[in-house]
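A.B. asks: predicted coordinates and the sequence they were generated for:
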Amino acid sequence: LALVFDSEAESEAEEEVAEPEVLKAVNIEDFRYIDPVDGSESAKQGIIVSFEGALSEHLSGPSRAVFRLSGTGSSGATVRLYLEMFDESGYSSSVEKSAPQLLRPLAEAALERAQMKDFTGVEEPTVIT
């Protein structure tokens, strides 16, 4: 799983667009798991995309999307997407929206950055938990 990340080309493209993007990818790194019991490390377990910007006019703070491939073999594998956001404003605790509703802009930005529809041909998730 690879992501396209060219900050110089991205900033040039942003200058040409009249309406700025709400979320901007600022970092991409490998996800690695460190076992808390024995300290063993498993590298290259996925990709973390960190974002800056606002998820809505009221909701802002650092956020990230973690892409992980699960399953065995090349057929029937699942791409898992984990979304995390820190709400600096406290707005999310004062509204009656579900987490999926609040995180939708982050999910859309992450899927677009990863070109998920282009690579998989899948337009909607098959499972949401």
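C.D. replies: Perfect, thanks for sending it.
A.B. asks: contacts for the helix or strand encompassing residue 45?
C.D. replies: Per DSSP states H and E, residue 45 falls inside strand 41-53. By Cβ atoms under 8 Å, 6 or more residues apart in numbering, the surrounding residues in contact with strand 41-53 are 1-3, 21-35, 60, 62-69, 80, 106, 109-110, 113-114. Where C-beta positions appear, they are placed from N, C-alpha and C, glycine not excepted.
A.B. asks: would you map the helices across this protein?
C.D. replies: 7-16, 99-114, 116-120 (DSSP state H).
A.B. asks: any idea how far the second one is from the middle of the chain?
C.D. replies: Relative to its chain's centre, helix 99-114 lies at 7 Å (Cα atoms, centre = their mean, to the nearest Å).
A.B. asks: before we move on, the earlier item: which stretch in the helices of the chain has the least confidence?
C.D. replies: Between those, the one with the least mean pLDDT is helix 7-16; it has a mean of 42.
A.B. asks: let me know the angle separating the strand holding residue 45 from helix 99-114.
C.D. replies: 100 degrees (axes from the mean of the first three to the mean of the last three Cα atoms, to 10 degrees).
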